[in-house]
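the sequence and its predicted three-dimensional model are supplied below.
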Amino acid sequence: MKKTSEIDTLEITGLSNVEIDLFENQGYLIFPNFLSAKYCARITRDIDQLIEQRTGGYADRNSDANGTARIISFPDLGALTSYPPMVAKIRSLMGADGFAFHHQHANRHEEGTTASNWHHDYEQFPQTDREQLMVHCFYYPTGLNGEIGDLLILPRSHQSVMLRNAFSNKFYTEDLPGSLTLDDLPSGSVVIVHSALLHARRAKSGSADRPRYFTDVSYCQVGPQKWPAYGFPLPKIWLHQQVCDRALEAGHGRNQEFDFIYDTSIFYDTDTATEEQRVDMERMLKRRKGYPGVRERIKPST
């Protein structure tokens, strides 16, 4: 007798027209209790194992050894990249299967974790437009309860074109006109944001016995322009390909139904970038030298 899987029992639906319009206008959607309690338990277990395996901690979250290439190999954590209920919603935003996976981050925020200042995560060299869609799915397997760190978002900010860290060392994690603080979400909730939406993590006093578990998955829309490949601080197509190969080896393609998610043909790196893109990459590296760690820098006391 075939064993019924969790996926078989879920109602897999796309987004309504109202939800799509809301996302396009506001830049985000919230789905409480999106993941089951059992799945959340497996994800937190994977994140615990990830933290044990990492060397260098949060500062090296995008490194070759500690980043997406390691995360995606975990059976349940990595499988979120092709989680059918989410794929259905991303299809609604992107248009059929016209998108591909970019990266996955994961972390366990402990008591005393520092803030992540206002920023956006839209991948583009240089930042010139928002013609193609990139989205981030913020998963909170243990929810948000006002401890460790709140999620801050600035609705409609995805409609403006700016540098990723334009607000980081100006407003830190202060409330902005129209900004929202999300600090009361149940376990298994997910927030889908346009990747150009300004957001932040505000540090809180914390709870030693309840860390903040978090993972995000991002996708890029197919279009006339290619996207920077995954990699830090510069895109690395070889690393992006390695990530996608590991995803398929781990079975995240789900019997080839979602193999298209791990197609790397819409991405570029420094070797295949245009001259304009390379010039902007060099400019970005110079900015980083002048403001190291600006996104995670704590606001100086006054």
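Yes, it's here.

list the buried residues for stretch 130-145?
Within stretch 130-145, the residues that count as buried by 16 or more other Cβ atoms under 10 Å are 130, 132-145. C-beta coordinates here come from the backbone N, C-alpha and C atoms, glycine included.

in helices only, show me the residues you listed.
Per DSSP state H, helices hold no members of the buried residues of stretch 130-145.

tell me the centre residue of the chain?
For the chain, Asp216 is the residue whose C-alpha lies nearest the centre (Cα atoms, centre = their mean; 3.6 Å).

if you count contacts, what does the helix or strand hosting Val243 end up packed against?
Per DSSP states H and E, Val243 falls inside helix 237-249. Helix 237-249 sits against helix 68-71, strand 99-109, strand 267-268, with contacts defined as 3 or more Cβ pairs under 8 Å, 6 or more residues apart in numbering; DSSP states H and E.

in it, which residues are buried?
By neighbour count on 16+ other Cβ under 10 Å, the buried set for helix 237-249 is 237, 239-240, 242-244, 246-248.

and the furthest pair within those residues?
Within these, two members stand farthest from each other by Cβ to Cβ: Ile237 and Leu248, at 16.4 Å.

circling back to that earlier point, what's near enough to touch the residue nearest to the centre of the chain?
104-106, 136-139 (Cβ atoms under 8 Å, 6 or more residues apart in numbering).

ok, what's across the strand from it?
Counting by DSSP bridges, Asp216 is bridged to His105, Phe138.

from Thr114, how far out is it?
The gap separating Asp216 from Thr114 is 18 Å, by Cβ to Cβ, to the nearest Å.

same check on Phe267?
Counting by Cβ to Cβ, the gap from Phe267 to Thr114 is 31 Å.

okay, those two: which has more neighbours?
More crowded of Phe267 and Thr114, by other Cβ atoms under 10 Å: Phe267, with 23 against 15.

ok, the more buried one touching Gly231?
No: Phe267 lies out of contact with Gly231 (Cβ atoms under 8 Å); the separation is 9.6 Å.

overlap in contacts of these two?
His240.

residue ranges with poor pLDDT in the protein?
Low-confidence segments of the chain (pLDDT under 70): 1-10, 56-64, 300-302.

show me where it has helices.
Applying DSSP H to the chain gives helices spanning 17-26, 37-53, 68-71, 84-94, 168-171, 237-249, 275-290.
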